[in-house]
Structures are given as structure tokens and as C-alpha cells.
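Peer 1: here are the coordinates; sequence isn't available:
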């Protein structure tokens, strides 16, 4: 083949390839092919000012607001008689029930007759023996004094006789004080409901055993457990709503937490709380109830729940400043289905936090806010 022809063919092919490459480069925006002067080196095209905006990640934001959230805690409890509301009657000696004037469940007034009792024969025998001991001690003391006057005895004998007499009298007095009041009538120590009426007539009740119990009519309250982590919010004075799941007809009543017991249950890790009094006519002791306490969370920043991002480093939010997303570590204080209350260093009221697109962001990434702020 003619050498000149070969050179011509190579030149044509090279020119064609250069033309194709230039067209492709122009389409990619790399070289302004059509404006390049022949024989000159191509210069880069000027930067598109919209490129940075096009590369920024789209997000939606919301403004932070300082405040707190209302929280609720649902607790379980029951209607109980308040501590100290029940008074029991006992005696220090054995007695026999002569007559009972009240029965369990009966309403009684203060001072109403409850029982007629009498000491048992055994108690009376003990008193007789104690009286005999006193008489003997008095006689012994008289004899000791007579011997002393006749110079047949000593002063020590008299002192010992006096001590024996004092001991005998103390023993007799203690037995007599243990006897029921004169006439044997025992009255109600307070007005209220008779919880137990003791033994029937004719039976013997040993010393120290309960004869009857009376509880105040209005001394009924709700007893419920407060977990240790809720004691900070549920404290005396807190308003609570009480309902009975198994007795819907009772409705719901609003009470106040009256006091917390100082001890913590080691098994359940709860503190026992008592409400103010509740009407006993319908709310009977032993009724299981649900207690709902409402309280305010600590003050913080309120943001939509979607703004909270959870990751390996913990909870946080992204705040937009100068077109850049900055991650702030956050502590969750409270929350509901729509809003959370958080603490985050550097977060102020009115800041724009990312509510959509946050999980895909990284700290320092450029963002483009879409929609309303």
C-alpha cells in the first residue's frame, strides 16, 4: 500500500476520535468544546453556583420551644383502712363473756356498750391469795415491831418485814387493776364499724386477747405502691385519680396523696403511699383500684418526636446552622406520641432541629431545608 495513503487514513481516524471525545466531554460539562479556539488548550468551564445546593441533603425542620410535658403514671393499689383507724379492746386478766351487745358489721357510737364481762374464778382466786399474802405481811411487820420494842429483835427484821409487805401490796394492786371496770361493762372506744365482736356469751377470753375491734367510719383510704423511680414526681400533695376496674359503677374519684411510708419494700422496690380519705359507703376495704398520677416533667426543650435520633453514641438531635447539620447529644426527660422533652447542651429556644432526614445525616453535612420551618 502507498505510504502516503496510510498516513492520510491515520490522520482521518485521529481527527474523528478527537471530535467524538470532545462532544462527549462537552455533554458532561467538562470542556466548552464549541467555544474552544483551534490549536488552544481547553480551559475548565466556570462552576455552576447551584451545584452546592443540588448536592446538599434535603431535610425538614421545626423550631424548639422551652417547656415541659404533662406525664402520667398508672399504679395499682387497694382500698384499706388507714393506719391507726382501728382500735382493739383487750383486758389484762382472763374474763368470761356474760353478754355481747354488738355484732360484726354493726355501726356503733362512742361509748356504746359492747360487752358485759366478769373475771374468771381463777382470777378471783389469785386476788384472794394476794389479799391473804398482804394480811400475812402486815401481821409479820407487827410482830417484828413488837420484838424490837421488847429488845428481842433487830431493826433489820423490821425493815425486811416492811419490804415484804410492800411487795405483797404491789402484787395485789396489779391484780385488781387488771379487773374490768366496776359492773363489767365495756364501752366502744370510738364511733365506727364493728370489725369483730369477739367470743360468744359464756366463753372465756384469756388476758391480752382481742375482745372486739372498731374502725372509724371515714378512716378508709387508698393504699398503693410508688416505684422508686417515680417518687421524684409522685409525692405528698400530688393529685391522683382512682377507679375500680372490677367495679365500674363506682366511677372515678380524685384524691390527694397524703403521705409516703419511709420504708422501701425490698422485694418490689416500691414505697407505700396513702391517699386522703375516701367515702367508705361504696369503696369497701379490700377493693382493688387503679391509681393514675399526673405530674409535670422537668423543664427542657420540646421538639417533635421525629427529631430524636438514636444511634450507637446514644440519643441526639441535628440542629441546622448556616446550612450545615450539627449533631447535639440529648437526654430524654419525657415524651408522648408526638413530642419529646429533652436536654441538649447548646440547644436554645427557636433553634431549627431536623425532623425528617435526620437518621441519614452525619455531623457537619450540608443540608437544604424544604417546606416550612
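Peer 2: Structure received. This is a predicted model, so every value here is computed, not measured.
Peer 1: show me where the stretch 101-250 of the chain has helices.
Peer 2: Using DSSP state H, counting those that start in this stretch, the helices of the stretch 101-250 of the chain run over 121-149, 155-177.
Peer 1: could I get these as JSON lines with mean pLDDT?
Peer 2: Output for the helices of the stretch 101-250 of the chain, formatted as JSON lines (pLDDT from 0 to 100):
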{"stretch": "helix 121-149", "mean pLDDT": "95"}
{"stretch": "helix 155-177", "mean pLDDT": "95"}
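Peer 1: in CSV, list those along with distance to residue 330 and mean neighbour count.
Peer 2: For the C-beta atoms, the positions are set from N, CA and C on the backbone; glycine is no exception. What follows is these, written out as CSV (distance: least, CB to CB, whole Å; neighbours: other CB atoms under 10 Å):
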stretch, distance to residue 330, mean neighbour count
helix 121-149, 76, 15
helix 155-177, 71, 15
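Peer 1: and of the ones you listed, who's closest to residue 296?
Peer 2: Of all the helices of the stretch 101-250 of the chain, helix 155-177 sits nearest to residue 296, with 57.8 Å by CB to CB.
Peer 1: neighbouring contacts of that closest one?
Peer 2: Surrounding helix 155-177, the residues in contact under the criterion CB atoms under 8 Å, 6 or more residues apart in numbering are 92-93, 123, 126-127, 130-131, 133-134, 136-138, 140-141, 143-145, 147-148.
Peer 1: go again with 6 Å.
Peer 2: For helix 155-177, the surrounding residues in contact (CB atoms under 6 Å, 6 or more residues apart in numbering) are 126-127, 130-131, 133-134, 137-138, 140-141, 144-145, 148.
Peer 1: which one of those residues is nearest residue 188?
Peer 2: Closest to residue 188 out of these is residue 127 (27.6 Å), distances taken as CB to CB.
Peer 1: name the nearest residue to the closest one, sequence neighbours excluded.
Peer 2: With sequence-adjacent residues excluded and distances taken as CB to CB, 6 or more residues apart in numbering, residue 127 is closest to residue 175, at 5.0 Å.
Peer 1: look up how far residue 67 lies from the one you found.
Peer 2: Noted for residue 175: a distance of 73 Å to residue 67, by CB to CB, to the nearest Å.
Peer 1: tell me where the model's unsure across the chain.
Peer 2: Applying pLDDT under 70 to the chain flags residues 1-54, 280-281, 372-373.
Peer 1: got the domain ranges for it?
Peer 2: Annotated domains of the chain cover 3-46, 58-66+299-369, 74-84+216-296, 86-215 [automatic domain parsing].
Peer 1: list the residues that contact the closest residue to residue 85 other than its chain neighbours.
Peer 2: Nearest residue to residue 85 in three dimensions, chain neighbours excluded: residue 219, at 3.1 Å (CB to CB, 6+ apart). Applying CB under 6 Å, 6+ apart, we find residue 219 in contact with 81, 82, 85.
Peer 1: just the closest of the residues you listed to residue 318, please.
Peer 2: residue 82 (53.2 Å).
Peer 1: run through the residues that contact residue 217.
Peer 2: Per CB under 6 Å, 6+ apart, neighbours of residue 217: residue 192.
Peer 1: grab the most central residue of this structure for me.
Peer 2: Closest to where the C-alpha atoms of the chain average out (CA atoms, centre = their mean) is residue 226, at 2.6 Å.
Peer 1: now for that residue: which residues touch it?
Peer 2: For residue 226, the contacting residues are 234, 270, 271, 273, by CB under 6 Å, 6+ apart.
Peer 1: what residue, apart from its backbone neighbours, is nearest residue 218 spatially?
Peer 2: residue 277 (5.5 Å).
Peer 1: SS state for the one you found?
Peer 2: Using DSSP: H, G, I helix; E, B strand; the rest coil, the structure places residue 277 in coil.
Peer 1: what lies in contact with stretch 238-249?
Peer 2: Contact partners of stretch 238-249, identified using CB under 6 Å, 6+ apart, comprise 222, 250, 252-257, 287, 289-293.
Peer 1: would you list the buried entries among the residues you listed?
Peer 2: Buried subset of the contacts of stretch 238-249 (neighbour count, 16 or more other CB atoms under 10 Å): 222, 250, 253, 255, 257, 287, 289, 290, 291, 293.
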